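Enquirer: predicted model follows, preceded by the sequence.
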2 protein chains.
Amino acid sequence: MSTRPPGFAPLPDPPYYAVIFASLPGASDEGYGAMAEQMAALAAEQPGYIGMESARDATGFGLTVSYWADEAALIAWKAVAKHQLAQQLGKDRWYRHYALRVAKVERQYDGPEGR
Amino acid sequence: MSTRPPGFAPLPDPPYYAVIFASLPGASDEGYGAMAEQMAALAAEQPGYIGMESARDATGFGLTVSYWADEAALIAWKAVAKHQLAQQLGKDRWYRHYALRVAKVERQYDGPEGR
């Protein structure tokens, strides 16, 4: 396994869970950046949190994948009160559209080798 | 289900597969853009291809998630000759680091409702 640069989540032995969140912001992003930072910090404190990978391109389309040890961990995170508020604000204010998929990671690899 | 804007992949009934590819380019991106476009077009022609979502941020870190009907479809795509060449060039030339996870999508939702 090669060295993992910043931005990449750890690779624990599968199986574990990935939450794939695709989003497109709407007209207003007021408060969004601060809330996103808070949520990232709060998620990192949850039991079973593995890591997060995120990218948003120039058009605004964004992908965030968070990784969790098991289903119980991601269900608990979904239910955290501050996170529920953020989810509601996302629906009401921030997102023009989003799609969320819960997936079980079965295998993985990284590279390039030896760098 | 709300209307799906460009950039979002379809949401067929689970289960299906997601290939989560995180990457960070290296010093040279010569030929990368053209190859990425070719691979996206070629993937879309494969049996079992569902769709792709992709974002790369200003730091260069990128996430691409491709969706496949079943494992056979993604294994067949991995073995396509032109794609194998692209994978090799990615390892040899383009990527400073990458991580690839194969995951089975178990459930999903999108929103916001009614927009």
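Expert: Structure's in. What do you need?
Enquirer: is the residue nearest to the spatial centre of chain A in a helix, a strand, or coil?
Expert: The residue lying closest to the centre of chain A (CA atoms, centre = their mean) is residue A:66, at 3.2 Å. At residue A:66 the chain is in strand, as set by DSSP: H, G, I helix; E, B strand; the rest coil.
Enquirer: just list the residues touching it, thanks.
Expert: Contacts for residue A:66 (CB atoms under 8 Å, 6 or more residues apart in numbering or on different chains) come out as A:18-19, A:21, A:43, A:49-52, A:74, A:77. Using the backbone N, CA and C atoms, a C-beta is placed for each residue, glycine as well.
Enquirer: and of those, the nearest to chain B?
Expert: Nearest to chain B, judged by CB to the nearest CB, of those is residue A:18 at 5.0 Å.
Enquirer: what residues does the helix or strand harbouring the closest one touch?
Expert: Element membership of residue A:18 [criterion: DSSP states H and E] is strand A:16-25. For strand A:16-25, the external contacting residues (CB under 8 Å, 6+ apart) are A:32, A:50, A:60-71, A:73-74, A:90, A:94-105, B:5, B:7-9, B:18, B:20, B:53, B:65, B:101, B:103, B:105.
Enquirer: verify the stated contact: residue A:32 with residue A:95.
Expert: No - judged on CB atoms under 8 Å, residue A:32 makes no contact with residue A:95 at a distance of 9.3 Å.
Enquirer: neighbour-wise, which of these two wins?
Expert: Taking neighbours as other CB atoms under 10 Å in any protein chain shown, residue A:32 and residue A:95 compare with residue A:95 leading, 21 against 17.
Enquirer: not counting its neighbours along the chain, what's nearest the more buried one?
Expert: In space, and not counting its chain neighbours, residue A:95 is closest to residue A:23: 5.3 Å by CB to CB, 6 or more residues apart in numbering or on different chains.
Enquirer: for the residue of chain A found nearest chain B, give me its contacts.
Expert: Residue of chain A nearest chain B, by CB to the nearest CB: residue A:103 (3.6 Å). Residues in contact with residue A:103 (CB under 8 Å, 6+ apart) are A:17-20, B:18, B:103-106.
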